[in-house]
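Colleague: what's the 3D shape of this:
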Amino acid sequence: MFINKIKGFKYPDMELVRWFFKNKLDTLKNAKVLEFASHNGNNLSLFANYNYACIGVELSKQNHENAIYNFKEIMHYKKASFFNENMLDFAKNHQNINADVFLIPNVINYITKDEFKNLLQSAKQNNLYQANGEGYAHFFLRARSIKDHRYGLGEKLKNDSFILSYDEFSGEKNCLCTAYQEHELVEILKENLNLYDFEVITSENINIKNKVYIKDSDIIIYGKITKE
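Modeller: The predicted structure is shown next:
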């Protein structure tokens, strides 16, 4: 596979890569992974290298097309399905996927907290992830922290959500931005997905955009989820 031929992101999220190997997900057999906001398939490409059945849900038509191209033309991988859908609709309208691994990276900041809770409930009720032979599925989430530079840059709505009317640097002006605190996110996941045996990590980076130093701050949570 030639990296320079890939359309879009070239590599998986490095925190996801560490979690993947730390939890020995490379040893699962006949496994299935579901990712919301799958972009161009960059994260799923890691799972494909270990023969997972890969399912990606992506709102952007361009990213969706890039994912299909990358898996079909570059990776020549056949065990993948990509859906150009809103993940909120997908969670309500699809059933019995029964994924062994469930990924929600870098996307819940674009929906409200109520929508996020509904998404999780739909995923559980519609069997989008399964309780495998050991009674759980693996789960990975990455979300925006209230420590992020975007927090508060615009019209405040409720529950730490804003319309980013004052953000001139990130390319997200006038987008919805929902930020979380670590304990709050953990409680939501416990309540809606029965999260347990989990770890919480803060990832912070300083970037330069238009000669301005800005701070990106994410919360990463991974663990196990059940249906009961």
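Colleague: residue ranges with poor pLDDT in the protein?
Modeller: 1, 132-134, 166-171 (pLDDT under 70).
Colleague: which stretches of the chain form helices?
Modeller: Using DSSP state H, the helices assigned to the chain run over residues 14-22, 42-48, 61-69, 87-93, 113-125, 182-193.
Colleague: mind listing what residue 163 touches?
Modeller: Residues in contact with residue 163 (CB atoms under 8 Å, 6 or more residues apart in numbering) are 154-155, 157, 174-177. For the C-beta atoms, the positions are set from N, CA and C on the backbone; glycine is no exception.
Colleague: can you tell me which of the helices of the chain is most buried?
Modeller: helix 42-48 (a mean of 23; mean count of other CB atoms under 10 Å).
Colleague: chain center to that one, what's the gap?
Modeller: Centroid separation between helix 42-48 and its chain, computed with CA atoms, centre = their mean, to the nearest Å, is 13 Å.
Colleague: check which helices and strands it sits against.
Modeller: Secondary-structure packing of helix 42-48 (3 or more CB pairs under 8 Å, 6 or more residues apart in numbering; DSSP states H and E): helix 14-22, strand 32-36, strand 53-57, strand 101-105.
Colleague: out of the ones you listed, which is closest to residue 126?
Modeller: strand 32-36 (11.3 Å; CB to CB).
Colleague: that closest one: partners in the sheet, and parallel or antiparallel?
Modeller: strand 53-57 (parallel), strand 101-105 (parallel) (DSSP bridges).
Colleague: and residue 9, which of these is closest to it?
Modeller: Across the strands paired with strand 32-36, closest to residue 9 is strand 101-105 (CB to CB), at 11.4 Å.
Colleague: now the closest one against helix 14-22, angle please.
Modeller: Inter-element angle recorded for strand 101-105 and helix 14-22: 160 degrees (by axes from the mean of the first three to the mean of the last three CA atoms, to 10 degrees).
Colleague: neighbouring contacts of strand 101-105?
Modeller: Identification of contacts with strand 101-105 by CB under 8 Å, 6+ apart yields 13, 16, 25, 28, 31-38, 43, 47, 52, 123, 128-129, 137-142, 225.
Colleague: reformat the helices and strands packed on helix 42-48 as JSON lines; add distance to residue 2.
Modeller: Formatted as JSON lines, these follow (distance: least, CB to CB, whole Å):
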{"stretch": "helix 14-22", "distance to residue 2": "20"}
{"stretch": "strand 32-36", "distance to residue 2": "23"}
{"stretch": "strand 53-57", "distance to residue 2": "20"}
{"stretch": "strand 101-105", "distance to residue 2": "25"}
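Colleague: looking at the ones you listed, which is nearest to residue 217?
Modeller: Of the helices and strands packed on helix 42-48, nearest to residue 217 by CB to CB is helix 14-22, at 13.3 Å.
Colleague: show me what the closest one is packed against.
Modeller: Helix 14-22 packs on helix 42-48, strand 137-144, going by 3+ CB pairs under 8 Å, 6+ apart.
Colleague: between these, which one is nearest to residue 82?
Modeller: helix 42-48 (8.7 Å).
Colleague: redo the helices of the chain as JSON lines? Include distance to residue 209.
Modeller: Converted to JSON lines, the helices of the chain look like this (distance: least, CB to CB, whole Å):
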{"stretch": "helix 14-22", "distance to residue 209": "21"}
{"stretch": "helix 42-48", "distance to residue 209": "21"}
{"stretch": "helix 61-69", "distance to residue 209": "21"}
{"stretch": "helix 87-93", "distance to residue 209": "27"}
{"stretch": "helix 113-125", "distance to residue 209": "27"}
{"stretch": "helix 182-193", "distance to residue 209": "26"}
